[in-house]
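Participant: I need the structure of the sequence given here:
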Amino acid sequence: MWCTRLLPLRLMVFAALAAAPAHLSAEPQAPTKEQSADATLATSFVGKSYDDELEIEGWTDLGGGLVSAPIFVRQYQREDGTFLVLTSRQVSKETSASPPSFQVVDSLIVRPPQSGVEFSIACVQGQDETLKFMGEAKGDEEQEWWSDVRRAWEISLDTGKISTAKAKDIRCTNVSWGQ
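Facilitator: Residues are numbered from 1 along each chain as shown. Coordinates of the predicted model:
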């Protein structure tokens with residue numbers, strides 16, 4: 001008897017799978033040469049030490065800042081709209097004789113978001129105001145914070161490592177706010 005109750009559900013699932021676009025197949029898609037090159041580039045920075053700022057040829061430095069001492073985040077963008085995010089640990093403070101020193105602990109490549117969606121490295125979750133999240137978000141241009149977050153990443157306050165995060169309760173600053 002329970003089999004006959006599940007038959008309509010099975011038919012609906014089968015119909016949905018049959019109508020699904022080919023790109024939604026269960027087989028993972030192989031990365032393109034460009035994606036592989038970007039991943040190699042991003043991971044090549046992990047472990048790199050630098051003083052004050054890190055210039056990357058072909059990428060515009062969009063800025064960044066302190067996540068939580070001693071972890072910092074920095075965002076770069078390439079002409080095609082791809083983002084590179086580096087997290088670093090401060091290894092020495094600025095002195096009168098030398099600038100601060102950092103070591104890159106993790107990296108993230110983010111493809112250009114779809115139209116109307118912006119990538120932000122300044123996101124928070126819930127009532128915690130620590131800017132330890134990044135996300136792709138959209139919203140009203142008149143709002144400072146956007147809560148329609150499509151994808152999100154979290155920066156570990158202990159290690160600086162970047163991991164994917166659920167977008168629930170995350171809000172990101174409108175990157176155009178105040179410009």
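Participant: which residues in this structure form strands?
Facilitator: 49-51, 59-68, 71-78, 83-92, 101-110, 118-125, 128-138, 145-146, 148-155, 162-165, 170-173 (DSSP state E).
Participant: which regions of the protein sit below the pLDDT cut-off?
Facilitator: Applying pLDDT under 70 to the chain picks out residues 1-29, 31, 178-179.
Participant: let's go with 90 and repeat that
Facilitator: Along the chain, the parts satisfying pLDDT under 90 run over 1-37, 52, 141-142, 175-179.
Participant: List the beta-bridge partners for V85.
Facilitator: Q75, L108 (DSSP bridges).
Participant: Pull the contacting residues for it.
Facilitator: Contacts of V85 were listed using CB atoms under 8 Å, 6 or more residues apart in numbering, and they are 73-76, 107-108, 110, 121, 134, 162. In this view, the C-beta of every residue, glycine as well, is placed from N, C-alpha and C.
Participant: Between those residues, which sits nearest A30?
Facilitator: Ranked by distance to A30 (CB to CB), the contacts of V85 are led by V110 at 19.4 Å.
Participant: Can you give me the distance of Q127 to T40?
Facilitator: Separation of Q127 from T40 (CB to CB, to the nearest Å): 39 Å.
Participant: neighbour count winner among these two?
Facilitator: T40 (9 against 6; other CB atoms under 10 Å).
Participant: how close does that one get to V73?
Facilitator: 21 Å.
Participant: now E129
Facilitator: Taking CB to CB, one finds E129 at 15 Å from V73.
Participant: same thing with I56?
Facilitator: From I56 to V73 the distance is 15 Å (CB to CB).
Participant: try C172
Facilitator: For C172 relative to V73 (CB to CB), the value is 13 Å.
Participant: Look at the residue lying closest to D61 once chain neighbours are set aside and say how many residues are nearby.
Facilitator: The shortest distance from D61 to any residue other than its chain neighbours is 5.7 Å, reached at Y76 (CB to CB, 6 or more residues apart in numbering). Y76 has 19 neighbours, counted by other CB under 10 Å.
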